[in-house]
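# pasting the structure only:
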């Protein structure tokens, strides 16, 4: 299949992905809490899964927006990462990842972190590829789509500001 045949718009639900990780001692600091770097790695993997599923191509991480760690995650906890493509911009995609810690005994889940990542679709030689548009179907998906456009504009302005500051 050529990249041009791959450009048919797809709904958000087609890219939605979920991964689960059990926090092991090697994932934690000496106090038994999940390392922030390990969680960021998992967030990148979860985001890449959604980007791969949507673009049907190789992808690379171009940027990661702000991440707040809201609650500690401990050794033995089950971490659930949910991701989906929020919006597509020619060759790049914004992917949202939401992270939960699940207590499978008490049947509860707590929000741990959220992040927005930008991925770029590439071919086997590292050249950028166009990506099919994403179609939001629910009110929540439409809100995330609109918010992604606003975040992109903020990132663009920040890049311009930095460019002028270093000139």
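Sure, I can see it. Computed from a prediction, not measured in an experiment: that's the story for all the values here.

# and residue 8, that's in a helix?
No: under DSSP: H, G, I helix; E, B strand; the rest coil, residue 8 sits outside any helix and is assigned coil.

# Would you check how far apart it and residue 86 are?
Using C-beta to C-beta, to the nearest Å, residue 8 is found at 19 Å from residue 86. Glycine gets a C-beta too; all of them are placed from N, C-alpha and C.

# more crowded one of the two?
Taking other C-beta atoms under 10 Å, residue 8 and residue 86 do not tie; residue 86 has more neighbours (26 against 8).

# Any stretches of the chain with poor pLDDT?
Low-confidence segments of the chain, defined by pLDDT under 70: 1-5.

# Repeat the analysis, applying 90 as the threshold.
1-7, 65-66, 68, 103-108, 155, 158-159, 162-167 (pLDDT under 90).

# Output the longest helix belonging to it.
helix 139-166 (DSSP state H).

# three-state assignment of the residue nearest the centre of the chain?
In the chain, the residue lying closest to the centroid (C-alpha atoms, centre = their mean) is residue 47, at 3.2 Å. Per three-state DSSP, the local secondary structure of residue 47 is helix.

# Who are the packing partners of the longest helix of the chain?
Here helix 139-166 touches strand 78-89, strand 92-103, strand 108-122, going by 3 or more C-beta pairs under 8 Å, 6 or more residues apart in numbering; DSSP states H and E.

# Alright, that wraps it up for me.
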